[in-house]
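Visitor: have a look at this prediction, sequence included:
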Amino acid sequence: MFFRPVGSEALPEILTWKCALYGVLLQKILDEKLCNLEDENHVLRQKALSSPKGSRPGFVKPFLEAHKDATLMVANLQRQQVYS
C-alpha cells in the first residue's frame, strides 16, 4: 500500500474525518454495550421478581444483625474519608 504525501493544508480535514469516524465507531460500541447491559438487567429483574421470598438465603439478615457495629464503623469511616 502506498501513501501519497499530504500537504499541511489537508491535514486538518483528515484529522476531522478521522475523529468523526472514531466517534461513530465509539458510539456503536457503546450502544451495543448498553443494549447488552439492559438485556442482562431485564433478565436479573425477572429472576428477582419470579423468585419467592422464602427461597432467598436466610443468613443475610442474621449476619447483618450480628455485625451491625462493624457495618456502622465502616460507614462512618467512609464518610470521614469523603469529608476530609
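Guide: Looks like it came in fine. As the structure is a computational prediction, the values presented were derived from the model and not from experiment.
Visitor: confidence-wise, which helix or strand of this structure is lowest on average?
Guide: One helix or strand of the chain scores below all others by mean pLDDT, DSSP states H and E: helix 68-83, with a mean of 58.
Visitor: tell me how many other residues crowd Val43.
Guide: 10 (other Cβ atoms under 10 Å). Just so you know, the C-beta spots here come from the backbone N, C-alpha and C atoms, and that holds for glycine as well.
Visitor: tell me which other helices or strands the one helix or strand it maps to touches.
Guide: Using DSSP states H and E, Val43 falls within helix 11-50. Packing partners of helix 11-50 (3 or more Cβ pairs under 8 Å, 6 or more residues apart in numbering; DSSP states H and E): none among the helices and strands.
Visitor: so for that helix, mean pLDDT?
Guide: Helix 11-50 shows a mean pLDDT of 93.
Visitor: buried residues of it, list them for me.
Guide: Buried residues in helix 11-50, counting neighbours by 16 or more other Cβ atoms under 10 Å, are absent.
Visitor: use 684 as the first number for this chain going forward.
Guide: Happy to do that; since the first residue is 684 now, the last one works out to helix 694-733.
Visitor: extract the CA atoms of stretch 691-710 and return them as PDB.
Guide: Provided in PDB are the C-alpha atoms of stretch 691-710 (Å, rounded to 0.1, in the frame of the first residue of the first chain):
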ATOM      1  CA  SER A 691      -0.300  20.700   5.600                       C
ATOM      2  CA  GLU A 692      -3.500  22.200   4.300                       C
ATOM      3  CA  ALA A 693      -5.200  18.800   4.000                       C
ATOM      4  CA  LEU A 694      -4.100  17.600   7.500                       C
ATOM      5  CA  PRO A 695      -6.900  19.300   9.500                       C
ATOM      6  CA  GLU A 696      -9.500  17.900   7.100                       C
ATOM      7  CA  ILE A 697      -8.100  14.400   7.500                       C
ATOM      8  CA  LEU A 698      -7.900  14.700  11.300                       C
ATOM      9  CA  THR A 699     -11.500  15.900  11.400                       C
ATOM     10  CA  TRP A 700     -12.600  13.000   9.200                       C
ATOM     11  CA  LYS A 701     -10.700  10.500  11.500                       C
ATOM     12  CA  CYS A 702     -12.200  12.000  14.600                       C
ATOM     13  CA  ALA A 703     -15.700  11.700  13.200                       C
ATOM     14  CA  LEU A 704     -15.100   8.100  12.200                       C
ATOM     15  CA  TYR A 705     -13.800   7.200  15.600                       C
ATOM     16  CA  GLY A 706     -16.800   9.000  17.200                       C
ATOM     17  CA  VAL A 707     -19.200   6.900  15.100                       C
ATOM     18  CA  LEU A 708     -17.300   3.700  15.900                       C
ATOM     19  CA  LEU A 709     -17.200   4.500  19.600                       C
ATOM     20  CA  GLN A 710     -20.900   5.300  19.600                       C
END
